[in-house]
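*Asks:* Here's my sequence, what's the structure:
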Amino acid sequence: MRSDLTASLRLTGAYILFSSVWIFASDYLLLAVVSDSELSLQLQTFKGMLFVLLSSLLIFYLNHRDRRAQRELLNALTRNSRLLQQTQRNAALGSWEYDGLFHWSAEALQLLGRDPGSECSGVEQLLSWLYPAERPALQRAWQALLEQHKPMAISARLHQPQQHQATWLMLRGEAHTNGQILGTVQDISSQKRDENALRESEQRFRQLFEQTPRIAVQGYDRERRVIYWNQASTQLYGYSLQEAMGRRLEELIIPPAARNQVISAINHWLLGGPPIAAAELPLQRKDGSTVWVYSTHSMLRNSRDQQELYCIDIDLSKQQQINLELQASEARYRELIEQLSDVLVLTDASGHLDFLNQAWEKLSGYACYECLGRPLTQFLDSADAARFNQQIRAIGNGQQAGLRGEFRLLTRQGQLRWVDIQLSCNPSNSMLNGSLHDIHDRHQGQQLQQARNAVLDELLARRPLAHILDGISRRLEDLNPHMQVSIMLLDGQQCLHLAAAPSLPESYRQAIDGLPAQLELGPCAHAACSGEMMIAENLETHPYWQAFRTQALTAGLHACWSLPFKDNNARVLGTFGIYYEQPMRPSQADIALVAEFTHLASLAVQQLQR
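*Replies:* Residues are numbered from 1 along each chain as shown. Down below sits the predicted model:
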């Protein structure tokens, strides 16, 4: 109304102003320019017609401009009204106005579940639409709005006996200064359902914490005083809820030796430091006994924005007892394993070592840790390694289920020892497990007995001495392939003659044949002269080898030792010369082995001399 009056007054004012300016200005100009009265009269008529035309154009322009502005305003209002309606529909929101009666919008009636005939209703009618239990609260809020102009915001359920799912509405209202009471109604059913689901979930979790017997939960304030203590905490630590509430954490369950450290860690965390990591901890019961728990910690804020510490402890007493028993069992098992004389072996499908017991170090001379991950064939003689790999491939191809055989083990000292290897395949993981049994002494005893029998047979058959000594040297080389054996006999002129040397080069054999038995002239000549064993572990530097160094190195010989053999009267009959392809000293086992063969050579020589 006010807008229409303003537009009319603006139009009237513009017309009066334009008319006044036109009349006075045009009359003054006409009098100043035209002196002829007849012409002046004609111009007055033309001036009147021009005034009517111009004033009509002015009125048309102003009216058209106002109407266009009104249309734009109306369009804007229409668009905003549509947006408001769309927003209300999306937000499940309706509006109302009260002037003694409620005037509901179409959206509000739809939310209330009413037809358009209920557009106007009273307070009693609104109350009848709501669930009976919700009506008193709405009445109190409505009276506070009317009498005290206190804004109303209250949730209530619709009274819908036939529907299983309740419809919740949020009624809001405000009293304006001009006496108008306006408000909204909104469907908050989904929000209420979410709140109920959250409340039920929290209740289930609380019941879970309260009823789970082995998960102890405690809550502490900033001063580490107990604010929450579930039943499992009572069972675990022995304090009742009444005994624990208000007492400090360190007084209840922290062992005395760890209290200062725990207090410092919690204070540091409260001040923004790193959180306390979850870990297995020994804590203390009411009776002073120790209990092992797996403890996790969380720092939360309450409704007053105060920090609270929560500890969740899982009883590990049974697990700890089982672990101790398991460790004791493992210790006994390991002790048993380590005391076995046989080597226990675990390898992968390709023969790489995965486990060895302590007997391996005694047998091979290698520490167990430095051999793990390496192939077992790396510790076997090259010829035996090829045979071992062949059987491993057969197991992998499914041609055989396991492996068993006698192989020569190369020790750290460079010695070869005969072992019996037994491995079987585990179908579940393709691993090979078994043992290595040291049969070296038994194998050598068998070889020595076979050598003795062969010598006796050849003596009975009256074979030539050279044939018998050649057989002895070959059998010795078979027992230890790293040895190159020579047997020399001492004649009446105290000169040594080569009787057998199956592996030595011909050029070297010719160089040493006929050596005089003389001190410091090579190991064999020195041993024959002195009657004692002689060792030269490096032929390049040993002083006794100056005369034969070139021939020895050309033949690929780098170490030598010699052992004389004698008759029953302790007279030297000859020598055994043992050569190696690299500098080294003989082991006690090698010396004992060669000594056994010197007895056979002595027996053969004495028998043929008789």
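*Asks:* and the helix or strand His437 falls within, how far from the chain's centre?
*Replies:* Using DSSP states H and E, His437 sits within strand 432-438. Distance, stretch centre to chain centre, for strand 432-438: 35 Å (Cα atoms, centre = their mean, to the nearest Å).
*Asks:* strand partners of it, parallel vs antiparallel please.
*Replies:* Take DSSP bridges as the rule and strand 432-438 pairs in its sheet with strand 343-347 (antiparallel), strand 416-425 (antiparallel).
*Asks:* Need the CA coordinates for the last one. CSV is fine.
*Replies:* Extracted as CSV, the C-alpha positions of strand 416-425 are listed here (Å, rounded to 0.1, in the frame of the first residue of the first chain):
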residue,chain,number,x,y,z
LEU,A,416,87.4,-84.8,4.2
ARG,A,417,85.1,-86.8,6.5
TRP,A,418,82.7,-89.5,5.5
VAL,A,419,79.1,-88.8,6.7
ASP,A,420,75.8,-90.6,6.2
ILE,A,421,73.2,-88.1,5.1
GLN,A,422,69.5,-88.9,5.5
LEU,A,423,66.9,-86.4,4.3
SER,A,424,63.1,-86.7,3.9
CYS,A,425,60.6,-84.3,2.3
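*Asks:* Quick one: mean pLDDT for that strand?
*Replies:* What strand 416-425 shows for mean pLDDT is 88.
*Asks:* Same question for the first one.
*Replies:* Averaging pLDDT along strand 343-347 gives 87.
*Asks:* cool, and stretch 55-69?
*Replies:* The pLDDT scores in stretch 55-69 average 77.
*Asks:* Start at 58, not 1
*Replies:* All right, first residue 58 from here; so that's stretch 112-126.
*Asks:* For it, buried residues please.
*Replies:* Residues of stretch 112-126 classed as buried: 115, 119, 123 (neighbour count, 16 or more other Cβ atoms under 10 Å). Backbone N, C-alpha and C define where each C-beta goes, glycine included.
*Asks:* again, but for stretch 592-601
*Replies:* 592-594, 596, 599, 601.
*Asks:* which secondary structure elements does the lengthiest strand in the chain contact?
*Replies:* If you go by DSSP state E, the chain has its longest strand at strand 347-358. Where contact means 3 or more Cβ pairs under 8 Å, 6 or more residues apart in numbering; DSSP states H and E, strand 347-358 is packed against helix 288-294, strand 336-341, strand 364-372, helix 374-396.
*Asks:* Any chance of the ones you listed in CSV with distance to Ala133 as columns?
*Replies:* Listed next are the helices and strands packed on strand 347-358 as CSV, based on distance: least, Cβ to Cβ, whole Å:
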stretch, distance to Ala133
helix 288-294, 66
strand 336-341, 67
strand 364-372, 52
helix 374-396, 74
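*Asks:* domains of this structure?
*Replies:* Listed domain ranges for the chain are 59-142, 148-250, 269-377, 397-495, 501-666 (source: automatic domain parsing).
*Asks:* Out of those domains, which is closest to Arg261?
*Replies:* domain 269-377 (11.8 Å; Cβ to Cβ).
*Asks:* Skip the chain neighbours and tell me the closest residue to Gly631.
*Replies:* Counting by Cβ to Cβ, 6 or more residues apart in numbering, Gly631 lies nearest to Leu546, which is 4.2 Å off, once chain neighbours are set aside.
*Asks:* Which SSE is immediately downstream of the host helix or strand of the one you found?
*Replies:* Assignment of secondary structure by DSSP H and E places Leu546 within strand 541-547. Downstream of strand 541-547, the next assigned helix or strand under DSSP H and E is strand 552-557.
*Asks:* Check which helices and strands that next one is in contact with.
*Replies:* The criterion is 3+ Cβ pairs under 8 Å, 6+ apart, and the helices and strands that strand 552-557 contacts are helix 522-536, strand 541-547, helix 563-569, strand 572-573, helix 579-587, strand 629-637.
*Asks:* how close does Ser487 get to Gly455?
*Replies:* According to Cβ to Cβ, to the nearest Å, Ser487 stands 11 Å off from Gly455.
*Asks:* higher neighbour count, these two?
*Replies:* Ser487 (12 against 8; other Cβ atoms under 10 Å).
*Asks:* Would you report the backbone torsion angles of the more buried one?
*Replies:* Backbone geometry at Ser487, expressed as degrees, to the nearest 10, gives phi 60, psi 10.
*Asks:* Next one: it, what pLDDT does it get?
*Replies:* For Ser487, pLDDT reads 79.
*Asks:* mind listing what it touches?
*Replies:* By Cβ atoms under 8 Å, 6 or more residues apart in numbering, Ser487 lies in contact with 405-406.
*Asks:* And Met209, by the same measure?
*Replies:* With Cβ under 8 Å, 6+ apart, Met209 has these contacts: 198-199, 201-202, 228-231, 240.
*Asks:* Lovely, talk soon.
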